[in-house]
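In: Give me a model of this one.
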Amino acid sequence: MAGIKTSSGEYIDSSWELKIHVEDLGPDADPVTLRVTGDIHIGGVILQAVEKMGVSRDWSDHAIWWQQKRLWLLKTNWTLDKYGVLADALLYFYPQRKPIILSLPNQRSLRVRVCFSSTTFSACAEVCNVLGIRYPEELSFLKAPEDKEKKKKKKDPVTQEIFDITSLQPSAGSSVTFLHGGIPAHFLSSPEAQESYRALSVCQTGLTPDDIHKRYKPITITDKTLVHGRWLDSSKSLMQQGIQEGDRLWLQFKYFTFRDLDAKLDTVRINLLFEQARWAVLLEETECTEEEMMVFAALQYHVNKLSVTSNPMDLPPDPALQDLEEALSHLEVKLEAATPTEALDGIHVEPELQEYLKVFRPKKMTLKGYKQNWVMLKATNLSCYKSKEDARGESLLLLGLKGCEVIPDVNISSQKFCIRLLVPSPDGMNEVYLRCDDEQQYARWMAGCRLAAKGRTMGDSSYEGEVQSVLSFLSLQKSSANTSSATITDSINMHALVSPRYQKKLKLKQLTARILEAYQNIAQLSLVDAKLRFVQAWQSLPDFGISYFLVRFKGARRDEILGIVSNRLIRIDLSVGDIVKTWMYSNMKQWNVNWDIRQVSIEFTEHINVAFTCVSAPCKVIHEYIGGYIFMSTRGKDGGTKTLNEELFQKLTGGHEAL
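Out: Model prediction:
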């Protein structure tokens, strides 16, 4: 709107000059000056600015940023008067999506494009959509530690290589298409995108004890409260919180309620969760016993071994098609190698094992030892006979191994090669020991029993690989028993699998033997299953999922610790670490925040009222944790991916600053 001028050049109407700085024109360019009135809407201001610039390009991703108010003017139907914009307003015409550096739990860094104008909750959801991570509400952004904080807490290792995925931008609001094998389809668009997916889905290998010592380790429970001061406010935009283009943020799991972990769809999600769990254990953020640490170390050892040779871009064959191809291949070989009569007779023949083994069935008050029997493993059934000649008659023992537990019982130094079978039955659990004579026999029977427990036979293509896996483990254990441990730790440093406390306590030879002993029970797990087992073991620890805050309870004379978990609040005595009181969310009636004095007050049933002020973090963070966990409890129990209810999340976690 031009306004009306007098002969002296002054305007006699209500119009005024509005200056807008356009980033795309360069830092030295003059601002675009418009003549406007208060009743013009934001969309009209943008239209006038674009017309006056005279630059033909796509401006759809741009919006106006009000510097003094730290506010995006996104409601294009609102007028300048409604927003309160006056002539002294410092306005910038910025692109809304800009790249940042994102540090992941697996010590990899990504350059990814994020929306600076939407809420942090929405921006995190968009990033997770690009990375192929389901249920993004479980994660959030942390500010990177400041330089002075790094000097005080030892320097954090910085990833050398940054993987650029700014070109990967699925349509806003669209769901990710997962290929068979759990790979998001857009990661197959280029070799660079495939390399980025490898960085996301493969864990960090080759760790050394120095890598662990360089990381900041919280010593006291007070140290564990410091991290929460760096969480971004989920209800504000990145720009409102001082984040600029090219800044570094951390992406981590914030809420420890992991819904529907699916090995087929959550390759990246499970890997990042495994890495966050691994560092929580190695840095002793989550306490565990020595025996539990050995199990964690064995799982890391197994994951590291498999990660070196695995390629996440190799799509596994569809199981149904694989079974069909194997059957056709088996049929083809039989038809080519035999006469018609022999082919028809042998077309349904499955490979089987039959040898003399020592068998022992423990019973109460038994004094008998192993007896030598003729044992047959055919399909998924195990049969025992008194001798080979009796194999045509009735068996002494017949067990269906599908679903049973196969436990190795091996001692190389004493030449003990036993297989312990726990077979469920209507009458209880049948326990049977099979003792083999040597390593080769043990490997054959161990591999056959493991496949039978999974419902597969020795005709399966994985049988030979299973045999070699068992032999590889035996040779590894033999090396640890008879030779120096240094040869074993050439590729994987055993001290890097445990926390510094156990690095000091156990010598390398002792540690290696302990880890390999625990490794026997998980050696048959796949890569993803081993990561899931690690996460499950982490979840079973008593201290799992507790977020600590330093607070001052109303009426108290000293600071105490508030622990926030997925289903309860915990009051902890700071001096001794004892739990003083626990309040369940199910008994919560309401909670309120007094933003002026930074006090959170909560009302529970039975007229219980709790109030405290926040010391170690903004009260908004505690408000988000409580509301966030309540939001997580409202999610459906089905495993499907649904549209994220951001409106409900904002109602439960939003602050008072919203316009």
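In: those helices in the stretch 251-400 of the chain, which residues are they?
Out: With helices called from DSSP state H, counting those that start in this stretch, the stretch 251-400 of the chain shows them at 267-282, 290-309, 319-337, 340-346.
In: Now do the longest one against helix 267-282: the angle between them, please.
Out: When you say that, I think you mean helix 290-309. Counting by axes from the mean of the first three to the mean of the last three Cα atoms, to 10 degrees, helix 290-309 points 140 degrees away from the direction of helix 267-282.
In: which residues are contacting helix 290-309?
Out: Contact partners of helix 290-309, identified using Cβ atoms under 8 Å, 6 or more residues apart in numbering, comprise 202-203, 205, 274, 278, 281, 288, 491-492, 494, 497-499, 502, 505, 511, 514-519, 521-523, 525-527, 530-531, 533-534, 537-538, 541. C-beta here means a position set from N, CA and C on the backbone, and glycine is covered the same way.
In: repeat that with 6 Å
Out: Defining contact as Cβ atoms under 6 Å, 6 or more residues apart in numbering, one finds that helix 290-309 is touched by 202-203, 205, 281, 492, 497-498, 502, 514-515, 518-519, 522, 527, 530, 533-534.
In: Any quick PyMOL command for the buried ones out of these?
Out: Buried residues within these, by 16 or more other Cβ atoms under 10 Å, are selected in PyMOL with:
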select buried, resi 202+203+281+492+497+498+502+514+515+518+519+522+527+530+533+534
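In: Looking at the contacts of helix 290-309, which are in strands?
Out: Residues of those located in strands (DSSP state E): none.
In: Helices - which of the contacts of helix 290-309 land there?
Out: Using DSSP state H, the members of those that fall in helices are V281, Y502, R514, I515, A518, Y519, L527, A530, R533, F534.
In: measure the residue nearest the centre of the chain to T267 for me?
Out: The residue lying closest to the centre of the chain (Cα atoms, centre = their mean) is L273, at 2.0 Å. L273 is 11 Å from T267, where distance means Cβ to Cβ, to the nearest Å.
In: on that earlier part again, which stretch in the helices of the stretch 251-400 of the chain is the model least sure about?
Out: Considering the helices of the stretch 251-400 of the chain one by one, the lowest average pLDDT is found for helix 340-346, at a mean of 48.
In: Show me the shaky parts of the protein.
Out: Counting by pLDDT under 70, the chain has low-confidence residues at 1-13, 147-160, 169-176, 179-182, 313-349, 364-368, 427-428, 476-491, 636-644, 655-659.
In: domains for it, by residue range?
Out: As assigned by automatic domain parsing, the chain contains the domains 16-95, 98-309, 336-523, 547-653.
In: give me the number of residues near K581?
Out: 12 (other Cβ atoms under 10 Å).
In: Now it: closest residue in space, sequence neighbours ignored.
Out: Once flanking residues are discounted, K581 sits nearest to R571: 4.3 Å by Cβ to Cβ, 6 or more residues apart in numbering.
In: you'd agree that neighbour is in a helix?
Out: No: assessed with DSSP: H, G, I helix; E, B strand; the rest coil, R571 is strand; it does not lie in a helix.
In: so what's it bridging to?
Out: Note on R571: beta-bridge partners by DSSP bridges are L562, K581.
In: didn't it look like it was pressed against T582?
Out: No: if you go by Cβ atoms under 6 Å, R571 and T582 don't touch, sitting 7.5 Å apart.
In: Between these two, which is the more surrounded one?
Out: Taking neighbours as other Cβ under 10 Å, R571 and T582 compare with R571 leading, 19 against 13.
In: still on that earlier bit, ok, which pair from the ones in helices among the contacts of helix 290-309 is furthest apart?
Out: Within these, Y502 and L527 form the most distant pair, 24.7 Å apart (Cβ to Cβ).
In: And the strands in the stretch 351-500 of the chain, which stretches?
Out: Remark: strands assigned in the stretch 351-500 of the chain by DSSP state E, counting those that start in this stretch are 352-360, 371-378, 381-385, 397-400, 405-411, 416-425, 428-436.
In: just these: most buried one?
Out: Highest mean neighbour count among those (mean count of other Cβ atoms under 10 Å): strand 381-385, with a mean of 20.
In: just how off-centre is that one within its chain?
Out: Here strand 381-385 is found 43 Å from its chain centre; the criterion is Cα atoms, centre = their mean, to the nearest Å.
In: just use 14 as the starting number from now, easier for me
Out: Noted, 14 is the first residue going forward, which turns the last one into strand 394-398.
In: Tell me the strands beside it, with direction?
Out: strand 384-391 (antiparallel), strand 410-413 (antiparallel).
In: Would you mind saying which of those strands lies nearest P197?
Out: With Cβ to Cβ, the closest approach to P197 among the strands paired with strand 394-398 belongs to strand 410-413: 40.0 Å.
In: Excluding its own residues, what touches the closest one? List them.
Out: Residues from elsewhere that reach strand 410-413, judged by Cβ under 6 Å, 6+ apart: N394, L395, S396, C397, V436.
In: Closest to L115 out of the residues you listed?
Out: Of those, the one sitting nearest to L115 (Cβ to Cβ) turns out to be V436, at 48.8 Å.
In: so that closest one sits right up against E418, yeah?
Out: No: applying Cβ under 6 Å as the test, V436 and E418 come out as separate, 8.1 Å apart.
In: which residues do the two both contact?
Out: The contact sets of V436 and E418 do not overlap (Cβ under 6 Å, 6+ apart).
In: is it fair to say L213 lies in a strand?
Out: No: L213 is assigned helix when assessed by three-state DSSP, not a strand.
In: Can you tell me how far the residue lying closest to it once chain neighbours are set aside is from G145?
Out: Nearest residue to L213, sequence neighbours excluded (Cβ to Cβ, 6+ apart): V281, at 4.7 Å. For V281, the distance to G145 equals 5 Å [Cβ to Cβ].
In: Which residues are in contact with V419?
Out: V419 neighbours (Cβ under 6 Å, 6+ apart): C462, R463, A466.
In: Relative to D236, how far out is E159?
Out: E159 sits at a distance of 16 Å from D236 (criterion: Cβ to Cβ).
In: Neighbour count for those two, which is higher?
Out: The neighbour count for E159 versus D236, taken as other Cβ under 10 Å, is higher for D236 (14 against 10).
In: and that one, how far is that from D556?
Out: Separation of D236 from D556 (Cβ to Cβ) stands at 14 Å.
In: and what of L370?
Out: Counting by Cβ to Cβ, the gap from L370 to D556 is 45 Å.
In: What are the neighbouring residues in contact with T132?
Out: Contacts of T132 by Cβ under 6 Å, 6+ apart are S248.
In: one more time with 8 Å
Out: The contact partners of T132, by Cβ under 8 Å, 6+ apart, come to S247, S248, K249, S250, E659, Q663.
In: which residues does it bridge with?
Out: Beta-bridge partners, per DSSP bridges, of T132: S250.
In: Pull up the gap between it and G667, please.
Out: For T132, the distance to G667 - Cβ to Cβ - is 9 Å.
In: Mutual contacts of these two, please.
Out: Among the neighbours of T132, those also in contact with G667 (Cβ under 8 Å, 6+ apart) are S248.
In: tell me, how many neighbours does Q603 end up with?
Out: For Q603, using other Cβ under 10 Å, the count is 8.
In: Looks like it contacts T618 (just checking).
Out: No: using Cβ atoms under 8 Å, Q603 makes no contact with T618, being 11.0 Å away.
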